[in-house]
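>>> Have a look at this prediction, sequence included:
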Amino acid sequence: MARVAREMVEKSGINVDELIKLLVKNASAELTTYYYYTILRVNLIGFEGEALKEIAEAARIEDRNHFEALIPRIYELGGELPRDMKVFHDLSACPPAYLPENPKDVKEILKILVSAERCAVSGYSHLSNMTAGKDPRTYELVTAILNEEIEHESWFSEFLGEGPSGHFMRAGETSPFTSKFLP
């Protein structure tokens, strides 16, 4: 653990134990979403589904990257991940993105994807507000992740016909905001 890093965050007025708890919950959400998006992506078949596969894959890979980017900060602050994966899964800041009853219903899969992204945007917005002006390292990390989660939500919401977002699918670039935090 980086003792001075933890002390500096504590001196800024942040409850570090609460911050670690939220970071672990969001790391859990990222890893479980990566898992559930794998299942959702496999079931995106047919004309409608194939159009979404690339976007679902980009979001899936970036969620895995978000998990990887969060881990060092959790440990720097003196936190750790649970040793039991089932416990870790159940800590998730967001509900599981389960495959719908009818796995061929692309619109229902889209609703699940949008819901998962909206939960992530909410969680990272909270962490961003909590650390702004107090913990620059965590703030920069969670804001980078937030930027990518906002893009994911925009991509999926456009497919639901909620209107244009102004965001475009990135050509070949993965995790442009969080890449500098990856090991």
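Yep, it's here.

>>> Give me the buried positions along the biggest helix by length in the chain.
The longest helix of the chain (DSSP state H) is helix 46-76. Residues 49, 52, 55-56, 58-60, 62-71, 73-74, 76 are the ones in helix 46-76 that count as buried (16 or more other CB atoms under 10 Å). Yep, even glycine has a C-beta here, placed from its N, CA and C like the rest.

>>> next one: stretch 85-94
Under 16+ other CB under 10 Å, the buried positions of stretch 85-94 are Phe88, Leu91, Ser92, Ala93, Cys94.

>>> Would you point out the helix or strand in the chain whose mean pLDDT is lowest?
helix 3-11 (a mean of 91; mean pLDDT, DSSP states H and E).

>>> What residues of it count as buried?
Ala5, Arg6, Met8, Val9.

>>> quick check: angle from the helix or strand that comes right after it to helix 3-11?
Sequence-wise, the next helix or strand downstream of helix 3-11 (DSSP states H and E) is helix 16-42. With axes from the mean of the first three to the mean of the last three CA atoms, to 10 degrees defining the directions, helix 16-42 sits at 100 degrees from helix 3-11.

>>> Give me the average confidence score over helix 16-42.
For helix 16-42, the mean pLDDT works out to 98.

>>> Any buried residues in it, and which?
Buried residues in helix 16-42 (16+ other CB under 10 Å): 16, 19-20, 22-37, 40-41.
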